[in-house]
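Undergrad: no sequence for this one, just the structure:
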């Protein structure tokens, strides 16, 4: 059965109602572990992500039309995959991939030391997540250094956008 969401007017599956919460089987885990990035030059992308500090997990070629490069950011359970014949998305079309860091200043400094041009550190005055319009964006980290409120941005050579987001370590 499908129902229309009031907010989006899109069809969404209806929750089962024929069993009590205790009788329902726990929902299976859905772990996000891999993001596919569209790139034009596989070797250039591989060199860029190595410079950023990503670990190379695999570089596999079956034939001229298929190559897979699998890399993982330091400390992350989620990896990226790019290559030849792995996606039809246009290169540079992925935007807003967040990399959680404990110290935004330090992360940006480390990226710059590796030759990665980061935008200025910013915070958004409207809420816990930055708005894509930039209308409420302010220069510098969140003055109170609250979780999820300070950002920067950088692009890979194709224009896929990454957003380091500060989540300070618990004291």
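TA: On my side now, so go ahead. Not measured: the values here are computed from a predicted model.

Undergrad: Tell me which stretches of the protein form helices.
TA: Remark: helices of the chain, listed N- to C-terminal, are 42-52, 104-113; assignment by DSSP state H.

Undergrad: Tabulate the ones you listed (JSON lines), appending mean neighbour count.
TA: To be clear about C-beta, it is placed using only N, CA and C from the backbone, and glycine gets the same treatment. Output for the helices of the chain, formatted as JSON lines (neighbours: other Cβ atoms under 10 Å):
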{"stretch": "helix 42-52", "mean neighbour count": "17"}
{"stretch": "helix 104-113", "mean neighbour count": "16"}
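
Undergrad: now those in TSV, with distance to residue 157 and mean pLDDT?
TA: Conversion of the helices of the chain to TSV gives the following (distance: least, Cβ to Cβ, whole Å; pLDDT from 0 to 100):
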stretch	distance to residue 157	mean pLDDT
helix 42-52	5	97
helix 104-113	14	97
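
Undergrad: In contact with residue 112, which residues?
TA: Each residue near residue 112 by Cβ atoms under 8 Å, 6 or more residues apart in numbering is listed here: residue 118.

Undergrad: What residues sit buried inside stretch 64-83?
TA: Within stretch 64-83, the residues that count as buried by 16 or more other Cβ atoms under 10 Å are 67-73, 79-83.

Undergrad: what stretches of the protein score poorly on pLDDT?
TA: Counting by pLDDT under 70, the chain contains low-confidence ranges at 1-19, 21-22, 171.

Undergrad: What lies in contact with stretch 141-149?
TA: For stretch 141-149, using Cβ under 8 Å, 6+ apart, the contacting residues are 104-105, 121, 123-124, 128-129, 150, 165-168.
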